[in-house]
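Undergrad: just to be clear, the model below is a prediction. Sequence and coordinates:
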Amino acid sequence: CHFLEGQLRSLDSSCTARTVPAAIDCLKKSGVAVAEGLRLDSNLVRDTMGMSAAKSMPTKKLKSSNRRRGVTLSKEQEQQNRMWRLSAIGRYHCRDEDKFDAKDMKVLERVEKEIWPLVAEFFRAEEEGMEGVYRSEMQLMTAVPGSTHQAWHKDNRGRGLSIIVPLVDFNAENGGTQLLLGSHESSCPVSSDQGAKVVIAPAGSVVAYDSRTIHRGLGNNTKEGRPALIFCYDRKQTPPPGTGTAGSIGTGLQGRVLDIVSKAVGQVVASKD
């Protein structure tokens, strides 16, 4: 099982879309789309990396104070720990809007303006249109060298849209996002055939996925951090995460099983060809 889980396959061109309508079609079929036509230009990526919040980004695992062991932190270290929250080993998130200053917010508003056509089209595809749609998350995150894999999870049990904007090139080595294609559907027919795929995308790409898609961030095995912006949009009628602890554990197990089974099936098929 560990051998199969360790096999990382790249997201192929079938999930790449040059137009917003094509991206919506990819999202319907596989739950994932790389919106090629919305990629941020290099100047906006540079400005994002130049934000005050980005400059405070951890470059290595942060220390924690431990009075029993005599470990104390400087004021600067304590401030960085308050600003950057740990979600898994080596994965840090700056997700509260009050942690972004006015200049940072202007840059983030520019990014959101670029991705908004996809957000609007995604929700308008439903009968409710834009009713109750809100931005449930806006965060800057990084996976530092030596970070570990996240557990498999969904951002929401209800239909919503999550968007990742890599601020450096994403690949399997630095921990690009791994998604189970088709897992946004209850029957997961595509997942059983294709399994998990890793996002390989240049900085500034707009990687969108249905919030119900099972996914995880991979560990970073390089010497550099892997920063990204994350925007999530949901309806007020179905706020995230839409499940409790038991449901989250179940999703994690489901993700592992789907990933392993699909890879095992793929090996059997390949051996017959």
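TA: Happy to help now that I have it.

Undergrad: for L167, what are its contacts?
TA: Counting by C-beta atoms under 8 Å, 6 or more residues apart in numbering, L167 makes contact with V45, T48, M49, A54, A203, G204, P227, A228, L229. For every residue, glycine as well, the C-beta is placed using N, CA and C.

Undergrad: same thing but at 10 Å, please
TA: Going by C-beta atoms under 10 Å, 6 or more residues apart in numbering, L167 touches 40, 45-46, 48-49, 54, 57, 140-142, 203-204, 225-229.

Undergrad: which SS state does E78 fall under?
TA: Of the three states, E78 takes helix according to DSSP: H, G, I helix; E, B strand; the rest coil.

Undergrad: what about it, how many neighbours?
TA: 12 (other C-beta atoms under 10 Å).

Undergrad: next, the closest residue to E185 other than its chain neighbours: phi, psi?
TA: Nearest non-adjacent residue to E185, counting by C-beta to C-beta, 6 or more residues apart in numbering: G31, 7.5 Å away. Dihedral angles of G31 (phi, psi; degrees, to the nearest 10) stand at phi 90, psi 0.

Undergrad: and G31, how far from D210?
TA: For G31, the distance to D210 (C-beta to C-beta, to the nearest Å) stands at 4 Å.

Undergrad: quick check, L44 in a strand?
TA: No: using three-state DSSP, the secondary structure at L44 is helix, not a strand.

Undergrad: low-confidence ranges in the stretch 1-150 of the chain?
TA: 1-7, 65-71 (pLDDT under 70).

Undergrad: let's see that with 50 instead.
TA: Along the stretch 1-150 of the chain, segments meeting pLDDT under 50 span 1-6.

Undergrad: check which residues of stretch 155-164 are buried.
TA: Neighbour-count burial for stretch 155-164, counted by 16 or more other C-beta atoms under 10 Å, picks out D155, N156, R157, G158, R159, G160, L161, S162, I163, I164.

Undergrad: got it, and stretch 173-182?
TA: Neighbour counts using 16+ other C-beta under 10 Å place N174, G175, G176, T177, Q178, L179, L180, L181, G182 of stretch 173-182 among the buried residues.

Undergrad: contacting residues for L40?
TA: Per C-beta under 10 Å, 6+ apart, neighbours of L40: 46-48, 110-111, 114-115, 165-167, 203-206, 229.

Undergrad: now with 8 Å?
TA: Counted by C-beta under 8 Å, 6+ apart, L40 has contacts T48, V111, E114, V165, G204, S205, V206.

Undergrad: just those: which are in strands?
TA: Applying DSSP state E to the contacts of L40, the entries found in strands are V165.

Undergrad: list just the nearest of the contacts of L40 to K236.
TA: V111 (23.0 Å; C-beta to C-beta).

Undergrad: below-threshold pLDDT in the stretch 151-273 of the chain: ranges please.
TA: Applying pLDDT under 50 to the stretch 151-273 of the chain flags the ranges 190-192, 265-273.

Undergrad: which residues of it fall in strands?
TA: For the stretch 151-273 of the chain, the strands defined by DSSP state E, counting those that start in this stretch occupy 161-166, 177-180, 196-198, 207-210, 215-217, 226-235.

Undergrad: mind checking these for the one nearest to L86?
TA: Taking C-beta to C-beta, strand 215-217 is the member of the strands of the stretch 151-273 of the chain nearest to L86, at 12.9 Å.

Undergrad: of the contacts of L167, buried ones?
TA: Burial by neighbour count, 16+ other C-beta under 10 Å: within the contacts of L167 this picks out 40, 45, 48-49, 54, 57, 140-142, 203-204, 225-229.

Undergrad: got the phi/psi numbers for M138?
TA: phi -150, psi 120.

Undergrad: so how far is L118 from the closest residue to it other than its chain neighbours?
TA: Nearest non-adjacent residue to M138, counting by C-beta to C-beta, 6+ apart: F231, 5.5 Å away. Using C-beta to C-beta, F231 is found at 10 Å from L118.

Undergrad: same thing with A228?
TA: 17 Å.

Undergrad: likewise L73?
TA: 41 Å.

Undergrad: quick one, which of those two is more surrounded?
TA: More crowded of L73 and L118, by other C-beta under 10 Å: L118, with 23 against 15.
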